[in-house]
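> Provided below for reference: sequence and predicted model.
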Amino acid sequence: MSLTITIKACQLYSESENRFYKVPDTTIELEHSLVALSKWESKWHKPFLTKEQKTREEAIDYIRCMCITPGVDDVIFMALGNSQIQEITKYIDDPMSATTINNMQKNGKSSRETVTSELIYFWMNESNISSDCENWHLNRLFKLIEITAIKRQPDKKMNKRDIGAQNRALNAARRARHGSKG
């Protein structure tokens with residue numbers, strides 16, 4: 001699922017270039033996807049999915065990487081207002097799924113692994129997830145990877161107390177069904 005943003009016509013001034021730019025009415029389509037993540041990380045040489053605050057330049061560049069509308073002039077991205085950036089941030093943060101999963105690992109600790117595009121591609125490969133999914137919203141792709149990992153885990157073995165309780169319940173049901181005392 002993509003996001004459509006409309007930038008109203010305006011005039012921008014670049015202090016560094018001492019130049020005015022005329023921005024026409026423009027509509028762009030954005031996708032928060034593995035493809036966008038890969039483009040950004042290739043340019044900046046650092047992981048995007050960290051709690052580290054991004055500079056405005058880095059944030060705008062990620063929006064540029066998200067853009068799937070062909071031939072958009074770079075000046076268009078500089079014309080994005082705060083409300084539009086908030087809308088884009090809300091879209092990026094949207095889980096895009098009704099599925100909820102406990103994010104704890106087997107040992108009860110949350111993962112501290114730095115997630116990069118290459119790691120996500122590895123997870124996709126390990127899970128036999130088609131590369132067509134690289135254009136999905138990242139949060140939806142993460143949910144598919146999580147579900148695949150959970151479904152591939154072997155069934156947990158029951159402890160002796162649970163086995164005993166299950167056997168007692170089965171025996172009680174059989175006794176009741178057959179009208180037997182033992």
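That came through, no problem.
> counting neighbours, what do you get for the closest residue to Leu37 other than its chain neighbours?
Closest residue in space to Leu37, ignoring its immediate chain neighbours: Ser117 at 4.8 Å, by Cβ to Cβ, 6 or more residues apart in numbering. The way it works is simple: take the backbone N, C-alpha and C, and place the C-beta from them, glycine included. For Ser117, the number of neighbouring residues by other Cβ atoms under 10 Å comes to 21.
> kindly report the same for the one 10 residues further on.
One way to gauge burial is a neighbour count; for Ser127, by other Cβ under 10 Å, it gives 16.
> next: the one 5 residues further on.
Applying the criterion other Cβ under 10 Å, we find 7 residues in the vicinity of Asp132.
> and for the one 10 residues further on?
When neighbours are defined as other Cβ under 10 Å, Phe142 has 20 of them.
> tell me the contacts of the residue nearest to Leu37?
Contacts here follow Cβ atoms under 8 Å, 6 or more residues apart in numbering; on that basis Ser117 touches Leu34, Leu37, Ser38, Glu41.
> what about the last one, which helix or strand?
Which is Glu41. Per DSSP states H and E, Glu41 falls inside helix 34-44.
> Three-state assignment for the residue positioned nearest the centre of the chain, please.
In the chain, the centroid-proximal residue (Cα atoms, centre = their mean) is Asn139; its distance is 2.3 Å. Following DSSP: H, G, I helix; E, B strand; the rest coil, we place Asn139 in the helix state.
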